[in-house]
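Trainee: Curious how this folds, go ahead:
(chains A and B)
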Amino acid sequence: GESVGLHLPTLSVQEGDNSIINCAYSNSASDYFIWYKQESGKGPQFIIDIRSNMDKRQGQRVTVLLNKTVKHLSLQIAATQPGDSAVYFCAERSGNFNKFYFGSGTKLNVKP
Amino acid sequence: GAGVSQSPRYKVAKRGQDVALRCDPISGHVSLFWYQQALGQGPEFLTYFQNEAQLDKSGLPSDRFFAERPEGSVSTLKIQRTQQEDSAVYLCASSTDRGSEQYFGPGTRLTVT
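Mentor: Below you'll find the model as predicted:
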């Protein structure tokens, strides 16, 4: 399978601070990326996506940055809240349109 | 509207038993995916359906794993002669078409003892 990994397995931030979660991918042919949030006992929840022809995409309090030169993806969460505490996964699609490869996840802890 | 549902939510099986895991996708979603998620890991692709056709089953780890979606809606993942390494959360996801946003169910946690 593809190699999608995260630099930091656990990230602790103070409530109100900004969070940055990073992801490295190995396949330069990947054309679509998604960030998911997974809370304990639940399935992954879509946060934001970005296609390979874009460098940046913004949502509500979240921004995804894509650097194709170094095959790096990041998720920025502004004004992190306790409800943001979860495990975050990046996923890439490459080659086969129906198959996504997930990283191992980063656990975000938000301290009040 | 209703999301993706899965049943049972928890399943304990003795090694060697067969299990069947059910997925009810969002109504009208033509694409359905099964993933396996080991503890502390990201989901790993198992298989993909477009309507009733199983277009990709390359992720199924062995011939003990079998998935079906006979009428293009509900899907069942069957594992025969379960082994301890089959213990994981099995996630189902559906989408409106290929490659678009996938909506995940809560998963079935399978524990093989």
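Trainee: Only C-alpha atoms from now on, for both contacts and neighbour counts.
Mentor: OK.
Trainee: what residue ranges in chain B score low on pLDDT?
Mentor: For chain B, applying pLDDT under 70 flags the ranges B:1, B:98-99.
Trainee: what separates the most centrally placed residue in it from chain A, distance-wise?
Mentor: For chain B, residue B:34 is the residue whose C-alpha lies nearest the centre (C-alpha atoms, centre = their mean; 3.6 Å). According to C-alpha to the nearest C-alpha, to the nearest Å, residue B:34 and chain A sit 10 Å apart.
Trainee: With residue B:103 instead?
Mentor: For residue B:103, the distance to chain A equals 7 Å [C-alpha to the nearest C-alpha].
Trainee: quick one on the thing from earlier: the residue nearest to the centre of chain B is in contact with residue B:47, isn't it?
Mentor: Yes - with contact defined as C-alpha atoms under 8 Å, residue B:34 reaches residue B:47; the gap is 5.4 Å.
Trainee: Below-threshold pLDDT in chain A: ranges please.
Mentor: A:1-8, A:95-98.
Trainee: 50 - rerun?
Mentor: A:1-3, A:5-8 (pLDDT under 50).
Trainee: Can you tell me which residues in chain B are near chain A?
Mentor: B:40-45, B:48, B:91, B:98-99, B:101-107 (C-alpha under 8 Å from any C-alpha of the partner chain).
Trainee: Try it again at 7 Å.
Mentor: Contacts of chain B with chain A, taken as C-alpha under 7 Å from any C-alpha of the partner chain, map to B:41-45, B:91, B:98-99, B:104-107.
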